[in-house]
Each structure stands twice: as structure tokens, then as C-alpha cells.
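1. here is the input, now give the coordinates:
(one chain, ligands or ions: 2)
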Amino acid sequence: MKNILLNGCNGKMGQVITSCVEQRSDCRIAAGFDINTTMLADYPVFSDPEGYTDDADVIIDFSHPSALSGLLAFAKKRGLPIVVATTGLSPEQVEEVKEASKKIPVFYSGNMSLGINLLMELAKKATAVLGGSFDIEIVEQHHNQKIDAPSGTALMLADCISSALPEQPRYVYDRHSQRKKRDKDEIGIHSIRGGTIVGEHEVIFAGRDEVVTLSHSAHSKEIFATGSVNAALFLIGKQPGLYNMGDLVASKN
Ligand SMILES: NC(=O)C1=CN([C@@H]2O[C@H](COP(=O)(O)OP(=O)(O)OC[C@H]3O[C@@H](n4cnc5c(N)ncnc54)[C@H](OP(=O)(O)O)[C@@H]3O)[C@@H](O)[C@H]2O)C=CC1
Ligand SMILES: O=C(O)C1=N[C@H](C(=O)O)C[C@H](O)C1
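-> Numbering: from 1, shown residues only. Ligands and ions are numbered 1, 2, ... in the order given. As a prediction, the model looks like this:
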């Protein structure tokens, strides 16, 4: 039975992870932390993660970028592996994540679903074939409570497409104030926010007289919860390093 510390436990994802873990026998939420509260299953109440003294095995974080530095410092101090699923990190914060992974195992992914991992592979393949002549645009849709735009997944997709292009493209976000034609070296990235949309991602390859669209639809938040718990269990006992969904999928084959 593995003990998970959950940061962001009162949030939408925190609650879905808690229900998901309740149905498993291989792990439990030993303690949940949020900006204002500490929730503990069988443990005595502490006022903050620094006060936590028991034998945690791994941390899962679905919270807010403002939590990152403190959380990484805590994980490093305790030598605990950590799954960072929070999106909207600044480039400097992404560097912090990479730095931390030199000391502890860190699983970092803007999308914990299996399907998006496949979509990234397919987008890379399509880019290798079409990238030279087709225009590439990414469209993402999420619920009206999401605070970051574009989504972490859209940025991951853009980075993965870039890695398959001969020249580094320029990311262009929406185009509301643009007064010129599209440049060849652009990847357009567009965000839609509304209602309870869980997460939709489309990669559009538009060529002369033909369009190829690759897409993924998330129908529930459970796919991210399950992915993050599997990632957490995968991370326990690993060497320090930066891990992602590709590593998790490869470990099952
Ligand atoms: N990688 C992936 O697969 C996925 C990533 N995400 C990402 O996870 C994050 C959380 O999403 P979601 O659950 O929908 O968001 P919510 O806003 O519902 O939940 C965030 C939670 O984090 C808490 N929080 C805010 N600041 C801190 C802090 N400094 N320390 C600890 N807790 C804090 C909030 O508390 P309070 O309410 O009191 O402010 C809230 O309970 C987002 O960045 C989202 O994009 C979401 C889904 C999938
Ligand atoms: O905030 C969300 O809800 C989600 N965020 C992640 C992102 O930014 O890509 C993943 C998922 O699409 C849901």
C-alpha cells in the first residue's frame, strides 16, 4: 500500500483523484494539502506540508503555479518523487522542474491521459510527412473555470511538432489584432473556454486543397486522475530524472 500526498486536494482534480484512489487497493491518500486546508486520512492534522513527518511515498500536484517552488523544495528535502500535473508554469518554473529532477524523480506532463500521448506521436509523424508544405494550427477547448491559456497540452503538442520540423517555428496565439497574412514558420495556437468542456485538442494540418485533422476528446477528468496515480506509482523507486507519459507507456510494454 503506497502513501500519496495530494497537493490541491480540494480542487476539481483533487476531488476526482480522491475518489479514484478510494477504489484502489494499491495506494491511498495519506494526506491532502490545499492553499487553506490540510486533509488527512488516518494521519494527525498538521498545519502545512513541512509539518508532515510520516512515511509518504510520492506527491501528486494538481494545484496552481504559485505552489510549485515550495512544493519542489519540500519534495527535495524529503527525497520524495513528485508528479507535477499543474499547468500554466512560466518558462522559469519549467526550468525549476528540470533542476529538481536532477535530485529526485519528477513526472511532468501537461496531460495525464493515454490518448494525448498517442496524439503527440501521431502529430510528430504527420509533421514529418506534411510539415514542409502544410500550415499547422492547434485548437484547444476547456471549461470556463480554467485559468491558464493556452492549455499545457496545446503547448506540449506544439513543442512536439516543433521537434519534428527542420526549423524552429514561431508560436502565434490567437490572431485578433493581426493585420497581415500568416507566415510559413508559424504554429497558430487558439483557446476556447466555455461551460464544462473537459478538454478538446485538435491539430490541423492545412495544405492546398486538403486538410488533415488529428484530435482528442476527454470525456471525464477520471482519465487524468487515473494517469496521475499510475504515474505516481511508476515513479516510486526510480532514479532522479524527468519522466513523462511516454516512459510510463513504455514501462507497460
Ligand atoms: N496534467 C493534466 O493532465 C491535468 C492538469 N490539470 C491542471 O491541474 C491544475 C488544477 O486543476 P483543477 O483541479 O481543475 O483546478 P481547481 O482550481 O479546481 O483546483 C486547484 C486547487 O489548488 C488549490 N491551490 C491554489 N493555490 C494553491 C497553493 N499555493 N498551494 C496548494 N493548493 C493551491 C486551490 O485552492 P483554492 O480553491 O482554495 O484556491 C484549488 O483547490 C490546473 O493547473 C490544471 O490545468 C488539470 C487537469 C488535467
Ligand atoms: O485545466 C484542465 O481542466 C486541464 N488542463 C490540462 C491542460 O492545460 O492541458 C489538461 C486537460 O486538458 C485538462
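
2. so who does Ser151 touch?
-> 87, 110, 140, 142, 191, 199, 201 (CB atoms under 8 Å, 6 or more residues apart in numbering). Backbone N, C-alpha and C define where each C-beta goes, glycine included.

3. my guess is the second one meets Pro150, correct?
-> By that I understand Gly110. No: judged on CB atoms under 8 Å, Gly110 makes no contact with Pro150 at a distance of 9.9 Å.

4. next, show the common contact partners of the two.
-> With CB under 8 Å, 6+ apart, Gly110 and Pro150 have no common neighbours.

5. okay, domains of the protein per the record?
-> 2-108+221-252, 114-218 (automatic domain parsing).

6. take the ones you listed and lay them out in TSV including distance to ligand 1 and mean pLDDT.
-> Supplementary listing: the domains of the chain in TSV, determined by distance: least, CB to the nearest ligand atom, whole Å; pLDDT from 0 to 100:
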stretch	distance to ligand 1	mean pLDDT
domain 2-108+221-252	2	88
domain 114-218	6	96
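
7. most tightly packed of these?
-> Comparing these by mean neighbour count (mean count of other CB atoms under 10 Å), domain 2-108+221-252 comes out on top with a mean of 18.

8. distance between the ends of that one?
-> End-to-end distance of domain 2-108+221-252: 19 Å, with CA to CA, to the nearest Å as the criterion.

9. try stretch 212-226
-> 30 Å.

10. how far does it sit from its chain's centre?
-> Relative to the centre of its chain, stretch 212-226 is centred 12 Å away, using CA atoms, centre = their mean, to the nearest Å.

11. residue in the stretch 1-150 of the chain nearest to ligand 2?
-> Ligand 2 sits closest to Thr87 of the stretch 1-150 of the chain, with a gap of 3.7 Å, by CB to the nearest ligand atom.

12. relative to Asn7, how far out is that residue?
-> Distance from Thr87 to Asn7, counting by CB to CB, to the nearest Å: 14 Å.

13. please settle this for me: is Val172 part of a strand?
-> Yes: assessed by DSSP: H, G, I helix; E, B strand; the rest coil, Val172 belongs to a strand.

14. for the residue lying closest to it once chain neighbours are set aside, name its beta-bridge partners.
-> Nearest residue to Val172 in three dimensions, chain neighbours excluded: Glu186, at 4.7 Å (CB to CB, 6 or more residues apart in numbering). Following DSSP bridges, Glu186 is listed with bridge partners Arg170.

15. ok, now which ones touch the nearest residue to Leu130 once chain neighbours are set aside?
-> Leaving aside its sequence neighbours, Leu130 sits nearest to Phe205 (CB to CB, 6+ apart; 4.8 Å). Residues in contact with Phe205 (CB under 8 Å, 6+ apart) are 126-127, 130, 134-136, 211-214.

16. recalculate using a threshold of 6 Å.
-> Contact partners of Phe205, counting by CB atoms under 6 Å, 6 or more residues apart in numbering, are 126, 130, 134, 136, 212.

17. also near ligand 2: which of those, exactly?
-> The subset of the contacts of Phe205 within reach of ligand 2, by CB under 6 Å from any ligand atom, is empty.
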